[in-house]
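1. have a look at this prediction, sequence included:
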Amino acid sequence: MKTSQKYRNKTIGISKAAIEKLKKHSWFGNVRELQHTIEKAVIMTEAEQIVANDFAFSKTAPKSFEIENFNLADHEKQIILKAIQKFQGNMSLTAKELGINRSTLYDKMKKYDL
């Protein structure tokens with residue numbers, strides 16, 4: 001495992017029960033949430049193999065929000081603005097978080113007059 005190599009000199013395995021627990025979990029975040037979950041289990045376990053109990057999941061789902069406006073362009077503009085604020089104007093980090101390249105981000109900023 002990539003994470004085990006980062007934190008240990010030995011290879012660490014994962015039990016079938018642990019894999020099943022990961023498959024059954026409702027992943028509210030993106031793939032980074034899965035990566036962080038596995039990384040935490042690798043760091044916390046002292047065993048040679050990750051077991052199902054090594055994963056502790058939050059029982060609460062992210063707060064939902066009411067959508068009053070179904071215009072995708074309006075939502076895209078707001079998401080871009082929030083991402084720019086989150087990364088304090090760092091366009092490389094903003095684009096990475098949005099899953100687009102910087103030139104696409106600049107095109108969208110021009111489109112929405114940001």
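-> Nice, I can see it. Numbering: from 1, shown residues only.

2. what's the pLDDT at the closest residue to Gln49 other than its chain neighbours?
-> Using C-beta to C-beta, 6 or more residues apart in numbering and skipping residues adjacent in sequence, the residue nearest Gln49 is Gly13, 4.3 Å away. For every residue, glycine as well, the C-beta is placed using N, CA and C. For Gly13, the pLDDT comes out at 84.

3. same thing with Asp107?
-> On the pLDDT scale, Asp107 gets 95.

4. which strand or helix spans it?
-> Taking DSSP states H and E as the definition, Asp107 sits inside helix 102-111.

5. report pLDDT for Val51.
-> On the pLDDT scale, Val51 gets 89.

6. from Lys40, how far off is it?
-> Note on Val51: its distance to Lys40, by C-beta to C-beta, to the nearest Å, is 14 Å.

7. please consider this matter closed, and thank you.
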